[in-house]
Structures are given as C-alpha cells and as structure tokens.
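Show me the folded form of this:
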Amino acid sequence: MPSITLTKGNSVGIDTYVNSGLPNNNYSTNIYIYAGGPTTAIKRGLLKFDLGLIPNDAIINSASLSLYTEYTSTRTYAIHKVTKAWDNSTTWNTSPTFDSNVVASKTIPTSGWQVFDVRALVQSWVNGEANHGFLLKDSDESTNNPDMSFYSFDSTGSQPTLTIDYTIPTTGKKQVEVVATSGPTASGTSSITIPIPTGSQAGDLLVAQVVTGELNTINMPSGWTIQEHSVPTRKIVMAYKFMQSGDAGATFSNSGSGTFWIGAMVAFRNVKNVLSYDRNIYSSNASSFTPPAKTTTADNTLFALFNTGYASTSFSTPLSYSEKYDSSGTAGSTAFAYHYMYRDKDQTTSEMTSTLSTATTGVSSLLVLEPIVNNPPTLTLSSPADNQTLAEGNTLPVQGSATDADSGNVVTVKYKINSGTTRALTSGVSDGSSPLSFAKTLTYSNKRIWDGSTDVTGVDLAENTNHILTIWSEDDQGGKSAEVTRMFKVIWNRPPAIDGSDTNLGAIGTAPSINYTVTEPESDSFTITELLNGQQIRSFSGVAGQQNTATIDQDRWLRLALGVQHELRIRATDSKGQFADRIYTFTRTETQIQFDLKNPFLCDAKPTRVLVTLDGTFPDGSTVLVEVCNNAYDAVPAYEDATGPSLAGRGYIFTNETKTAADWGINIRITINKGTATEKVILNGFGGAFD
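Residues are numbered from 1 along each chain as shown. Okay, here's the model as predicted:
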C-alpha cells in the first residue's frame, strides 16, 4: 500500500484565507491561515493540493490533512469540501461555495500538529469528483471567539501536508498504471536492444526513449510508432506500441560502424489511446526543458513527460509529477516523469518545466494517455417473478437485457442455480447503448431444472426449500453487473385436481347430487372417496377426466339432523399419498317427510286388520297421512288411508282382497306435512299390530 505525503516541495499547493472584515483583501502570501468567529470578522482558510502523484480511481486507505498551530483553543474547527474553483487572488467577496456538511473536525487542546481525517473526501476526488480543496472554519461562527492561526505554505517551516495511503485496484482499473521500466541501457556498438520491462503483458503500452550519438539513419523495430528528432550531432527517438504476446526487446540500429546509445523503456497498463504526442526541440543549449502547453478533452488522463538531452545532465522533477528514472551516459541523458490529471484538462509550460544540472540541447516530449475507464454492465431482469413454486412440468422463463456503456465490450449474461455450475445465457458486442436481450426457458422436471436436455442443477432440488436463481452480466474488461436473484421452491408431486370449488349449498330439502371430474397432473393412479360428515359413502379407483356423481341415499338422508350444517366431502388421493378435497356444505330442511318400512311384514295368510299407533306431536297447521297395505310384495301395492283410525287409536280393516305376488305382506307408509305449523312437528316413533 503506497503512502505519499504531499507538500509544497513535491506538489502544487495553494492556500489563503478570506476575511469578512476586509472583503476585498487577498492573503495568499500570508504565513498564516486564519479561521475564527465574529469578534471582529469571520475568517476562513482555503487549501488545495494537486493530486497528480496519486493514481486516479485508487482505493484510498487513509488520508490525513496536517496543519500546525502555535496556539491552543477549546473551540472546534471543521473541514468542509469546497465546491467551486478559486485561486491565489481569492477574497471574501469572491469566496468559493462549500458544502455545509462537515468532513472532519477537532478541538485543539495543545499546540503543534493538528491532524484531520479527510479520507472520504480524497476518495471522492480520486474517483473523479472535481478537487477544489478544503475550507477551514470555526464550527460556530455565530459566537465571538479569537482567531486561530495555522502555518501556511508561505511559512518557513511546518507547512501544511496531506498524507495519503492508497491501493491500486487489482481488477476493474480506471487509471493508466505505470507497470515498470527497463534501463536506461547504454551501448557502444551500432545498435541497442532495450528489454521489455519485467512484468509487462500483452496489451500494455510500451514507450521507448532512445538517444544515439550519430546522425546516421536509424533502423526502427517493426510495429512501433516512431517520433524522430535531430539536434546537433545527435538523433533522439520516441517510439511506442501496444505489446503483443511473444514480443521481445526493441532493437534500434544505424548504418554507422559504431556509436554511443542510451535507451530506456516504460510499460503502461490500462491504456485506451495515445491521445497526443507533443515536443519541444532544443537545438541550442538550454538550462530548462518543457514540452508545449497542453490541453486535452478527456478526463483521467496521464501526462507522460520524457526529457532527452545531448550532454550528461540531470533533470528536476516538476511539482506533482512522479519520476521513474533520470540517468545520463556518454550518448546523453534520459528522464521520465508522469502526472495524473483527474478532471484537469490542461498543463502550462511552467507546470511541466524541468531545470537541468548542465545546459544542453535535446527534446522535451509529452504523451497524453487515455485510460480504459470500463463501466461495468447493467442488467435488467423482467422474468421470472420472485418466490415461485414449481411443480412437475412448470417452466421458469429467464428474460431481460444487459447494457454496457462501453462500445466494443463483449458482454456475456450468465446464470447459476444455488451454488451450481455457471452457464451462459447469451453473449454479444456492445455498441454502447443498445440493450442485449436474452431469453431462455428452463423447465422443472423429475426434481431438477433442465435447459432442453441439459441438466442444469445436477442434483435433486429439495422440496419446499428456497432455491436461488442468480443472473448477472460480465464484460471482457473485468466489469460485472450487480447480481439479480430470484427465489423459488419446488414440489416433487402435485395432488390430483377436482374440478369446481368448495360450495355451501345452503338449506336444501332433498339429497344433493354432485357431478365432478378428477385429473392427475403426473398421470399417477388415484382413488376417490366420498364421505358424509366424515363417514365413508363409497370408495373406488378413479379415472382421469371421467364424470362421477356423489349422492346421499335416502336412508342416510333421513337420518341427518335438521337445522344443522352437514358436509359432503370428495377426496382424491394419488398413489404417492398426495390428496385433494372438494367440500360441499348444506343444512337439511324439510316441509314434508315420507317413509315406509324397509322390510314389509311377511304374512302366511291375508291380513284383514291393522293397528297403527303414532307417538308424536302434531301442532295446528300440520297434517299426518297414515297409509297401509296388505299386498306389500305386489309390484304396485294397494295403499289405503288409515289416518283417522290411527289417530283415534283404533284398528283399520283392509278393503283389499287380492294380490299378485306370491305372499301377503303388510307395509306402513307415513307422510307428515308441516303445512302452516309454526311449532316443531315431532314423530318419536310408531307401533302397531295386525291380524
């Protein structure tokens, strides 16, 4: 985890303070930065560090702003994010805006270094938010208090510092990375071979910096883009290429029999484009080198500065630039430094100037490198719905689209079930805007999920347990969308299905007759059982799709209590024990009851008289009909009205004298009508005799 402390000595830093009491005054050269409340005026400090030494989009592990004061205070001083640009000419009247949210704060019980934790704010800057620096203020500017002074960049010591500890991401990088350098390498023959820096890999940008001691024609290595410049008695070459697998060192030669060479190479990673190459040629001795001022249009670029000199000299490093090498030899001198630009788009010559230890001729070159800023793809899932339950034969349609803002990226949509094998749904090349649609229908069968004939799960899925379908998209630059998940359950077997719906038949006076059919989703065998109030009426093997009729025979019907709810249940049970019920409820009600003997009395001679006695209550409005016959075994018995004698307690003499059956027999049929009676009609029983 690299750590670097930014100071006025290695980075571009500016600071000042503003004073509401003197709103047009500028204090950028004051040795103090003041912050305080309204004893005389409000004072606020402003500081800014150039972050060019820190890779953009790095992971900031810690960032500490350190300010030195000779005083103590019980007041709390706060750091805020500045939200508008400012410079050394800023006054109270031209003060930049700032975010009212406090980034960091502390009281100052002792003098000395005061350290503020500003990691979150620095992280936002290296992620691409505009860096306008820090504002320092008293946390309560409405209360009178003495001003607090901190040493500024213009003090003779204890100047502000910003210490940053950072890590470069291992994947999904969004910055140009300086991988390694090789050389500078010297040679005294007619050629020089500069080795590829250790750790380089295919796709890296290789930049070679070469000085030769003669003006003869230089033979260039194949595949390199060449920039060649001549100064008195020397040729200076800048060359670059994107590394391919199998590339070895780059060899430069000339037509002379021998010469002096010096060369170096730099490997850059995550380079999308070389946006520009600019240089200044110094044909006469100069004590300072700088490339031309440069303005670019891209964000997050890397400015790569290469200085090449004729004489043996060294080059100072411009502020906010990181130097990788500065070497000299018989053939000349080479130096390389770089600067991360973030959202800055330009560098002036003064910002890129290097002073030389010995004046010489040469070239100052600048390459502007654009990073691959890979945006991870996004994924939208339109189906399946969440929390489904799948039964045998059910489908799980997986549909949606993926979008990648980076044109040319190969985007692959992937999925897996639980922690199983990852599989591809679709793949395509992004045009930067058009969604890449995908659609696949998975099927649940035999306890597993199938893609056609491919077993996706590989193991049986547990029943009534949450399973997870995970879908995401990836691009070929290491970007990955957020994972989208859908939960589902499976049931290994479904019960049979009985048509219709549970129904309350209400109050009925006749036994119900229910038609129904049963189907079996898995085509298993099944049994149908019909029950009345939990007691079986009948049970039989079912036939899928066949119409059946559930009825209640007369005997069971007459035994049902009046005025209470009864249940007729139809149950279909498959061979695996799964069952389904269809329930019909009803209340039996009657306005007429009629019954006779289930088994007539067998007589060995013709009966002539019968006595029927009734035990019951028959309120006004109700009627009772007692009918008797002596030829009960005939196909059509001759019933006779015996109501009067029966109610009077007397016997009844049969008038019928004939029969068609082999035997004589007596039957009794009783019919009771409630009529207009408002009280209960009760028949407890009946008795009698015959001769």
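
The helix or strand residue 253 falls within - contacts with which helices or strands?
Assigned by DSSP states H and E, residue 253 belongs to strand 250-254. Applying 3 or more C-beta pairs under 8 Å, 6 or more residues apart in numbering; DSSP states H and E, one finds that strand 250-254 contacts strand 191-194, strand 205-212, strand 218-219, strand 261-269. Every C-beta, even on glycine, is put in place using the N, C-alpha and C of the backbone.

Looking at the ones you listed, which is nearest to residue 165?
Among the helices and strands packed on strand 250-254, the nearest to residue 165 by C-beta to C-beta is strand 261-269 (21.5 Å).

Sheet partners, orientation included, of that closest one?
Applying DSSP bridges to the sheet, strand 261-269 is found paired with strand 177-187 (antiparallel), strand 205-212 (antiparallel).

quick one, it and strand 250-254 angle?
Following axes from the mean of the first three to the mean of the last three C-alpha atoms, to 10 degrees, one obtains 150 degrees for the angle between strand 261-269 and strand 250-254.

mean confidence score for strand 261-269?
Mean pLDDT, strand 261-269: 92.

how about stretch 437-452: buried residues?
By neighbour count on 16 or more other C-beta atoms under 10 Å, the buried set for stretch 437-452 is 438, 440, 442-444, 447-451.

Pull the number of nearby residues for the nearest residue to residue 674 once chain neighbours are set aside.
Excluding the flanking residues, the one nearest residue 674 by C-beta to C-beta, 6 or more residues apart in numbering is residue 591, at 4.9 Å. Using other C-beta atoms under 10 Å, residue 591 has 12 neighbouring residues.

Let me see the contact set for residue 591.
By C-beta atoms under 8 Å, 6 or more residues apart in numbering, the residues touching residue 591 are 509, 673-674.

which residues of this protein score low on pLDDT?
For the chain, residues meeting the criterion pLDDT under 70 lie at 172, 256-258.

need the helices for it, in chain order.
Applying DSSP state H to the chain gives helices spanning 119-126, 554-559, 643-648.

Alpha carbons of the strand holding residue 253, as CSV, please.
Output in CSV follows, covering the C-alpha atoms of strand 250-254 (Å, rounded to 0.1, in the frame of the first residue of the first chain):
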residue,chain,number,x,y,z
ALA,A,250,13.1,-3.5,-29.2
THR,A,251,16.3,-3.2,-31.3
PHE,A,252,17.4,0.1,-32.8
SER,A,253,20.4,0.3,-35.2
ASN,A,254,22.1,2.7,-37.6
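
Of the contacts of residue 591, just say which sits nearest to residue 324.
residue 509 (103.7 Å).

is it true that the closest one touches residue 587?
No. The criterion here is C-beta atoms under 8 Å, and residue 509 misses it with residue 587 at 10.2 Å.

in the stretch 51-200 of the chain, which spans are strands?
Along the stretch 51-200 of the chain, the segments classed as strands by DSSP state E, counting those that start in this stretch run 59-69, 73-82, 98-108, 112-117, 134-138, 148-151, 161-167, 177-187, 191-194.

for the stretch 501-650 of the chain, same thing?
Going by DSSP E, counting those that start in this stretch, the stretch 501-650 of the chain shows strands at 503-508, 513-519, 526-532, 535-541, 547-551, 565-574, 579-588, 592-596, 601-603, 609-617, 623-629, 640-641.

Pick the most buried one from the ones you listed.
Among those, ranked by average contacts under mean count of other C-beta atoms under 10 Å, first place goes to strand 623-629 (a mean of 21).

From the contact counts, what lies against that strand?
Looks like strand 623-629 contacts strand 609-617, strand 640-641, helix 643-648, strand 664-673 (3+ C-beta pairs under 8 Å, 6+ apart).

mind running it again at 10 Å?
strand 592-596, strand 609-617, strand 640-641, helix 643-648, strand 664-673, strand 682-690 (3 or more C-beta pairs under 10 Å, 6 or more residues apart in numbering; DSSP states H and E).

quick one: which of those is nearest residue 354?
Closest of the helices and strands packed on strand 623-629 to residue 354 is strand 592-596, at 119.7 Å (criterion: C-beta to C-beta).

what's the burial count for residue 117?
As a burial measure, residue 117 scores 16 neighbours (other C-beta under 10 Å).

Show me which pair in the buried residues of stretch 437-452 is furthest apart.
438 and 447 (26.0 Å).

Tell me where the stretch 301-450 of the chain has strands.
Secondary structure of the stretch 301-450 of the chain (DSSP E, counting those that start in this stretch): strands located at 302-309, 322-328, 333-340, 346-347, 354-371, 378-383, 388-390, 395-403, 410-417, 423-429, 436-445, 448-451.
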